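Asker: Can you look at this prediction? I've put the sequence above it.
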Amino acid sequence: MKVIEVKNIHKIYKETEVDVHAVRGIDLSFEEGEFAAIVGPSGSGKTTFLNILGGLDTPSDGEIKIGGVDIGKLKSSALIDFRMNNIGFVFQAYNLIPVLTAKENVEFIMHLQGRSKKERDSRVSELLTAVGLGDRLNSRPSKLSGGQQQRVAVARALASKPKFVLADEPTANLDSKSTETLLNIMEKLNKEENITFIFSTHDARVVKKARRVITIEDGKLVSDI
Amino acid sequence: MIWSIAWKNVWRKKLRSSLVITSVTLGLFGGVYSFALMLGMVNQRVSSLIDNEISHIQVHNPKYIENSEIKHTINDINKLVSSLEKEKEIKAFSKKTKIFAMANVSSKSNGIVLYGIDIESEKKVTAIHRNIKDSAGTYFEKKMRNPAVIGEKLAKNLKLTYYILTNKTISKLEDLKLAENSIDSLKTLVDIKFRIENKFIDAIKNKLSDENFIKHKFYIVKNSINYKIGSKIIVTTQDINGDLTGGAFKLAGIYKTSNSMFDQTSVFVRNKDLRKVTGTIKTDFHELSIILNNIENSKLVANKLQKQFPELEIETWGEIQPELAVTNEYMAVYYYVFLGIILFSLGFGIINTMLMVVLERVKEIGMLMSIGMNKLKVFLMIMLESVFLSIIGGVIGMIFSGFMIWQTSKAGLNFTEMFGEGFEAIGYSAKIYPEISLNYYFGTVILVVITGIIAAIYPAIKALKLNPAEAIRTDM
């Protein structure tokens, strides 16, 4: 089943001097349960494409459907709600809320979704256990290592039961051991829970694990292996 | 959860938040406490004015208001009195003769207002009998011919005072740790009678160092003053026919209110004694003062009486002293304007802090918006943090000011030594009992919350303008 369908999308930034054509007609689709990496050099349009995939930016032309919904046509407020319910984000710098514990960070998005306390408690516990932090529920981010924080971030991304998880350079700040642990956890979740992961990365270790590698250069799709 | 995050965010930078909270606390304490002082002053002035001077309602012949001649007495006073006796709202009333006169004692003279009163009725209406100074005679209690009770200020003007430093006063100074050599110097003045205050003060000054003189002058003078009780005061005035007349009265007692102008001009004598001088008859009265059970009903009762007696001028205390009534009425407005200005300036401090908060948390706000926190919730989170900051400071400030008001209202703040004369010259007591009602506290809480909300608007707009995709990649 197709989770994401991207049809001939373009993104042009209107600058004062010249227009910048960051994405030039990419066609792609992602099936449920994929474990894919998007790679490309700096300035290749990779970040812009990822922003469009994540509903954080809208294409200048073309169509992007997530679960059959053309998100380019959604209004700003509807898009926010759409992101909350359909897309999980993992960021390079973890971006946990420092004043909240691991448990609270994970359940925060479920609060936004209006889930019941019972549901929140069981899912948070289940997710943090899945990422190997079942014993660190009440630790604040400052008490966790970088790798542990990123695992909390993965749990947070999954808390809302999204259609896919978009991870932007998730291993960029991690050492080898933490990277390996994180990738193993995500791979396991992908295989066992059929969760779709899409990475943007420069990291060869991530590329090695990915079952599909998409290369973007100069805003165009160069390869899709 | 938004509330919980906002609350936890307040304590993320403890020092910065504490500084903002402290500034709100101090600002509010300053505002609330100084207002309580002012309210205390005004309320004391109103109480003193009503208790000692004008009561709740006054009745006059309208012609007397225009031209205070002795002949303009209240018409048909008995009819008025029987009507007042039936009115349940009226607690007490007192009829009096009120004429302008000149008081003379040897070479000194002073313009006065001479009140001819019925002592028992007057005691129920005014508080002058409670304001007789210690060791300064009595309120018509001691039997004497033509007794007169006058104010302290008038006594000083007419030189009806003298000063004697006693060993008792000096022994108190010893308790106050005045140096032995100073005590010995002062002892040389013991039992010497000074007729003029300035000469007495000069004599003390010569005996003490400048520091000790400034420190103890007020106490020494206050405890050395004596009044020439029984001295004769010659009063010159007009009789009922408009001819010049006069009489001799004896100083029976000295009172002191917080209004030195009133003390300087108001002299109380028995009506029966005054009648002999002026030739007025038993039903001749110029003023009838009324005290009600409740001051709030002043207007109501005055209007009712005015309808019954259209030929009389019936005024409430607020109509007699409109400037004080207006001040009293607008105290609440004044408070909120005053507090508004304080909170307005504090608001800038909060805006500044909240702007720093937003700028520091660009990445975090970007993340929150990315994962699906809508604009309303982002706004709410920032606004709550701002409201928490202001309300914590506000509550501490109010508790602190409430405690200080409560503490100082027991004994009052005494400015007598520093500003006594100045305060009393304009009718205000120099001993202030700060006070504030709970209503003001509720209003203050609302204003503080509004300040927090308004202070959050600009920083929150800044946050809402962030592009989540860019914010998340900010290097901060």
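Answerer: That came in fine, so what should we check first? Please read these numbers as outputs of a predicted model, since none were measured by experiment. Numbering: from 1, shown residues only, chains lettered A, B, ... in the order given.
Asker: From B:Glu315, how far out is A:Thr48?
Answerer: Per Cβ to Cβ, to the nearest Å, A:Thr48 is found 82 Å from B:Glu315. The C-beta positions use only the backbone N, C-alpha and C, and glycine is treated the same way.
Asker: no, scratch that, I was asking about B:Val358
Answerer: Taken as Cβ to Cβ, the span from B:Val358 to B:Glu315 is 60 Å.
Asker: Mind checking which of the two has more residues around it?
Answerer: B:Val358 (24 against 18; other Cβ atoms under 10 Å in any protein chain shown).
Asker: Am I right that that one sits in a helix?
Answerer: Yes. Remark: B:Val358 belongs to a helix, assigned using DSSP: H, G, I helix; E, B strand; the rest coil.
Asker: Is it correct that it is in contact with B:Pro459?
Answerer: Yes. Between B:Val358 and B:Pro459 there is a contact at 4.7 Å, judged by Cβ atoms under 8 Å.
Asker: what residues are shared contacts of these two?
Answerer: By Cβ atoms under 8 Å, 6 or more residues apart in numbering or on different chains, B:Val358 and B:Pro459 have these common neighbours: B:Ile382.
Asker: top helix in chain A by residue count?
Answerer: Counting residues, the longest helix found in chain A (DSSP state H) is helix A:176-193.
Asker: what is the mean pLDDT for it?
Answerer: Computed over helix A:176-193, the mean pLDDT rounds to 82.
Asker: the helices in chain A, which residues?
Answerer: Listed in chain order, the helices of chain A (DSSP H) span A:46-53, A:76-86, A:102-113, A:117-130, A:146-159, A:176-193, A:204-209.
Asker: how about those in a markdown table, adding mean neighbour count?
Answerer: Listed next are the helices of chain A as a markdown table, based on neighbours: other Cβ atoms under 10 Å in any protein chain shown:
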| stretch | mean neighbour count |
| --- | --- |
| helix A:46-53 | 24 |
| helix A:76-86 | 17 |
| helix A:102-113 | 23 |
| helix A:117-130 | 16 |
| helix A:146-159 | 25 |
| helix A:176-193 | 16 |
| helix A:204-209 | 16 |
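Asker: Can you say which of those helices is nearest to chain B?
Answerer: helix A:76-86 (2.3 Å; Cβ to the nearest Cβ).
Asker: How many neighbouring residues does whichever residue of the stretch 351-476 of chain B sits closest to chain A have?
Answerer: Using Cβ to the nearest Cβ, the single residue of the stretch 351-476 of chain B nearest to chain A is B:Gly372, 2.3 Å away. By other Cβ under 10 Å, the residues close to B:Gly372 number 24.
Asker: Is it in contact with A:Ile80, as I believe?
Answerer: Yes. Counting by Cβ under 8 Å, A:Ile80 is a contact partner of B:Gly372 at 5.7 Å.
Asker: Tell me the spacing between the closest residue to B:Lys282 other than its chain neighbours and chain A.
Answerer: Sequence neighbours aside, B:Arg275 is the residue nearest to B:Lys282 in space, at 7.4 Å (criterion: Cβ to Cβ, 6 or more residues apart in numbering or on different chains). B:Arg275 is 85 Å from chain A, where distance means Cβ to the nearest Cβ, to the nearest Å.
Asker: for the record, mean pLDDT for the helix or strand in which B:Arg275 is found?
Answerer: Element membership for B:Arg275 (DSSP states H and E) is helix B:271-278. Averaging pLDDT along helix B:271-278 gives 92.
Asker: what about the nearest residue to B:Leu26 once chain neighbours are set aside, how many neighbours?
Answerer: Counting by Cβ to Cβ, 6+ apart, B:Leu26 lies nearest to B:Gly397, which is 7.1 Å off, once chain neighbours are set aside. If you count neighbours by other Cβ under 10 Å, B:Gly397 ends up with 27.
Asker: what's whatever helix or strand B:Gly397 lives in packed up against?
Answerer: Here B:Gly397 sits within helix B:375-411, counting by DSSP H and E. Counting contacts by 3 or more Cβ pairs under 8 Å, 6 or more residues apart in numbering or on different chains; DSSP states H and E, helix B:375-411 packs against helix B:2-10, helix B:14-48, helix B:331-360, helix B:362-371, helix B:438-464.
Asker: So which bits of it are buried?
Answerer: Neighbour-count burial for helix B:375-411 flags B:377-398, B:400-402, B:405, B:408-409 (criterion: 16 or more other Cβ atoms under 10 Å in any protein chain shown).
Asker: Report pLDDT for the most centrally placed residue in chain A.
Answerer: Among the residues of chain A, the one closest to the centroid is A:Leu166, at 1.4 Å (Cα atoms, centre = their mean). Note on A:Leu166: pLDDT of 90.
Asker: now the one 3 residues further on
Answerer: Model confidence at A:Glu169, expressed as pLDDT, equals 84.
Asker: what's the closest non-adjacent residue to it?
Answerer: For A:Glu169, the closest residue by Cβ to Cβ, 6+ apart turns out to be A:Gln92, at 4.2 Å.
Asker: For A:Thr47, see how far away that neighbour is.
Answerer: 11 Å.
Asker: okay, and the common contacts of those two?
Answerer: With Cβ under 8 Å, 6+ apart, A:Gln92 and A:Thr47 have common neighbours A:Asp168.
Asker: what's next to the longest helix of chain A, contact-wise?
Answerer: So helix A:176-193 is contacted by A:33, A:35, A:130-132, A:145-148, A:150-151, A:154, A:158, A:165, A:167, A:170-171, A:174, A:195-197, A:203, A:205-206, A:209 (Cβ under 8 Å, 6+ apart).
Asker: give me that answer again for 6 Å
Answerer: Under the contact criterion Cβ atoms under 6 Å, 6 or more residues apart in numbering or on different chains, helix A:176-193 has outside partners A:Phe35, A:Val131, A:Gly147, A:Gln150, A:Thr171, A:Ile195, A:Phe197, A:Arg205, A:Lys209.
Asker: okay, the angle between that helix and helix A:117-130?
Answerer: Interaxial angle, helix A:176-193 versus helix A:117-130 (axes from the mean of the first three to the mean of the last three Cα atoms, to 10 degrees): 130 degrees.
Asker: so where's chain A uncertain?
Answerer: A:16 (pLDDT under 70).
Asker: What of the stretch 351-476 of chain B?
Answerer: Flagging of the stretch 351-476 of chain B using pLDDT under 70 yields the residue ranges B:475-476.
Asker: Might you enumerate the residues of chain B proximal to chain A?
Answerer: Neighbours of chain A within chain B, by Cβ under 6 Å from any Cβ of the partner chain: B:1, B:8-9, B:12, B:367, B:370-374, B:468-469, B:472.
Asker: Number of residues surrounding the spatially closest residue to B:Thr451 that is not a sequence neighbour?
Answerer: In space, and not counting its chain neighbours, B:Thr451 is closest to B:Leu343: 4.4 Å by Cβ to Cβ, 6+ apart. Neighbour count of B:Leu343, defined by other Cβ under 10 Å: 25.
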